[in-house]
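> okay, sequence plus prediction incoming.
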There are 2 protein chains.
Amino acid sequence: MSFFDDLAARIAETDSVVSVGLDADMDRLPEFLADADLPRWAFNRRIIDATHEHAACYKPNAAFYEDTDGWRSLRETVAYAHGKGVPVLLDAKRADIGNTARKYADVLDEVDAITVNPYLGHDSLRPFLDRAEKGVFVLCRTSNPGGSDLQGLELASGERLYERVAGLAALWNEHDNVGLVVGATAPEELGEVRESVPEIPFLVPGVGAQGGDAEAAVEHGLTEWDGRDVGLVNSSRGIIFAGEEVGRNVVSGASGGRETSEDAYFEAVGEAAKNLQKQLNRHR
Amino acid sequence: MSFFDDLAARIAETDSVVSVGLDADMDRLPEFLADADLPRWAFNRRIIDATHEHAACYKPNAAFYEDTDGWRSLRETVAYAHGKGVPVLLDAKRADIGNTARKYADVLDEVDAITVNPYLGHDSLRPFLDRAEKGVFVLCRTSNPGGSDLQGLELASGERLYERVAGLAALWNEHDNVGLVVGATAPEELGEVRESVPEIPFLVPGVGAQGGDAEAAVEHGLTEWDGRDVGLVNSSRGIIFAGEEVGRNVVSGASGGRETSEDAYFEAVGEAAKNLQKQLNRHR
């Protein structure tokens, strides 16, 4: 089985293309959760408990696991997600050369897929691409304002740089394990990239907190894999911090005070995942 | 004091522009060292003991510290290097957006400089650039074969992509803390980039194991900083694994057997750093 086989099966089973971004920024937790002194892996477990029925995959971002306990937290989180049958895509945006890229690719022993940065070219991505059973999502057109600084540059050939990257990724896709990261904040470009590479699954970020276009994300982000949908639409903060308000209201007694603010927080997280699933399914 | 002030002072003091790459690949150690079961931080300490008099800076690559003990090993290594008065540049090649880039930039609390990848544009690098006292080396033209896949593309303006990146980096250099990574394996391009940005210090990799041009690395890599040289020429494997052969000979008794193979290994490491220092200084 390859990553995209697994993902297509998971999407069919859950009827969801939602990627839940596990950007466990513990400094951002509301006071009532910070007081509970939840370790990061325990926070992630509760997120997973609340959302797994609506999650096609989990996408932890490596930036939130770069400290002395980070790797262990990440491992715990991956094991817990796998226990619930959900694949894990590490959003690492890695790229390096030769020897070093091989070392970075070791993380694919633990997770099912990874995001990588194309600026260093084909050989820098080979150690990832050569893991045929794993998914490799190449950054193409990102959802941030400065995304166009390089990606939008016009080449002598008339293409934009991100279009060339899409073409190169298709060329590098010897093992049918390449995906592309294309943001929902530039829906027209999303459509153009889809036209140029009809068969490559996209990971579409930028739908939640960044305000991207959900319809375009579904219309262009998904493709067909053995007759089933494959592709991912991600929301991170829009899901995992969705309980801030409702949790605070419980603290102040506004909801009657029967449940704890912690419970209310994670219920709201589950609702947010479910709502995104529904919203996206309306366009499938 | 800014990173480049510190670095220029260090270069003047040691009369060396050598960056020692701490790519602590413990799987690559020769048997006699693997048998000694040296933890990664202890290996790095012995490398630092052997090379610090010839080191303008240490450059650990983050890929070799991504495991459960990695962050702790890296911290120990940074502390030990700082104890010897040597600045530390983390070769992380990071890039991400908004919230996440801010999280990655937290590592600048621990190290003095970092390498970053420009593919996601200006806002993705801001959290790094805004740390005015730290050095931020932007990947421009890398030393690997696939470096040209994207970096060498011709833009509609007639420039190559790496030339545009050099120009953008100069534009983003509001705090005089930007450097560029330009490989020694493409000496002509190194010269072209130097002409276009005369005042930005370069980190030039590819001189050791990758066989790059040492003369071009010095001629184009360095620039002037308050009347002193600033810039770095890196070797990783060429220094830290330089003791493989000589260490093996000690084991077989060829050198008389008075010193241990471990001592011989690290002596050879020190010699390799010293020789690179001399070789580079001939061109300064």
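Yep, that arrived. Numbers count the residues shown, from 1 in each chain, chains lettered A, B, ... in the order given.

> got the contact list for the nearest residue to residue A:84 once chain neighbours are set aside?
Once flanking residues are discounted, residue A:84 sits nearest to residue A:52: 4.3 Å by CB to CB, 6 or more residues apart in numbering or on different chains. Bear in mind the C-beta positions are built from the backbone N, C-alpha and C, glycine included. Listed by CB atoms under 8 Å, 6 or more residues apart in numbering or on different chains, the contact set of residue A:52 reads A:81, A:84-86.

> hey, where'd the strands end up in chain A?
Assigned by DSSP state E, chain A shows strands spanning A:18-22, A:57-60, A:89-94, A:113-116, A:135-141, A:178-182, A:202-204, A:223-225, A:228-230, A:232-235.

> could I get the contacts of residue A:52 in CSV, plus columns for pLDDT?
Below are those laid out as CSV (pLDDT from 0 to 100):
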residue, pLDDT
A:81, 98
A:84, 98
A:85, 97
A:86, 98
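
> what is the nearest of those to chain B?
residue A:81 (18.1 Å; CB to the nearest CB).

> the closest one and residue A:60, how far apart?
Distance of residue A:81 to residue A:60, given as CB to CB, to the nearest Å: 9 Å.

> common neighbours of those two, please.
residue A:88.

> hmm, back to that, just send the strands of chain A back as TSV, with mean neighbour count and mean pLDDT too.
Below are the strands of chain A laid out as TSV (neighbours: other CB atoms under 10 Å in any protein chain shown; pLDDT from 0 to 100):
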stretch	mean neighbour count	mean pLDDT
strand A:18-22	28	98
strand A:57-60	27	98
strand A:89-94	26	98
strand A:113-116	25	98
strand A:135-141	27	98
strand A:178-182	28	98
strand A:202-204	28	97
strand A:223-225	17	96
strand A:228-230	20	97
strand A:232-235	29	96
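
> one step back: which of the contacts of residue A:52 tops the neighbour count?
When neighbours are counted by other CB atoms under 10 Å in any protein chain shown, residue A:81 leads the contacts of residue A:52 with 25 neighbours.

> what about the helices in the stretch 1-150 of chain A?
Using DSSP state H, counting those that start in this stretch, the helices found in the stretch 1-150 of chain A span residues A:3-14, A:31-35, A:40-51, A:70-83, A:98-105, A:122-129, A:147-151.

> so which of those gets nearest residue B:19?
Ranking those by their distance to residue B:19 (criterion: CB to CB) puts helix A:98-105 first, at 14.9 Å.

> hmm, who's touching the closest one?
Contacts with helix A:98-105, where a contact means CB under 8 Å, 6+ apart, come from A:92, A:94-96, A:123-128, A:131, B:23, B:25, B:61, B:63-64, B:66, B:144, B:237.

> same thing but 6 Å
Residues outside helix A:98-105 that contact it (CB atoms under 6 Å, 6 or more residues apart in numbering or on different chains): A:94, A:96, A:124, A:127-128, B:61, B:63-64.

> how about stretch A:82-92?
Contact with stretch A:82-92 is made by A:6, A:52, A:55, A:57-59, A:61-62, A:78, A:81, A:111-115, as judged by CB under 6 Å, 6+ apart.

> cool, stretch A:264-279 as well?
So stretch A:264-279 is contacted by A:16, A:18, A:46-47, A:50-51, A:54, A:214, A:235, A:239, A:242-243, A:246-247, A:250 (CB under 6 Å, 6+ apart).

> okay, now the unreliable bits of the stretch 101-250 of chain A?
Within the stretch 101-250 of chain A, the stretches with pLDDT under 70 are A:209-210.

> who in it is up against chain B?
A:103-104, A:117, A:119-124, A:142, A:144-147, A:149-150, A:153-156 (CB under 6 Å from any CB of the partner chain).

> just the buried residues out of the residues you listed, in ChimeraX syntax.
If you want just the buried ones from these in ChimeraX, going by 16 or more other CB atoms under 10 Å in any protein chain shown, the selection is:
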select /A:103,104,117,119,120,121,122,124,142,144,146,147,149,150,153,155
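
> between the contacts of helix A:98-105, which sits nearest residue A:260?
For the contacts of helix A:98-105, the nearest to residue A:260 is residue A:94 (39.2 Å; CB to CB).

> tell me how far that closest one lies from residue A:51.
Using CB to CB, residue A:94 is found at 26 Å from residue A:51.

> what does residue A:84 give?
From residue A:84 to residue A:51 the distance is 10 Å (CB to CB).
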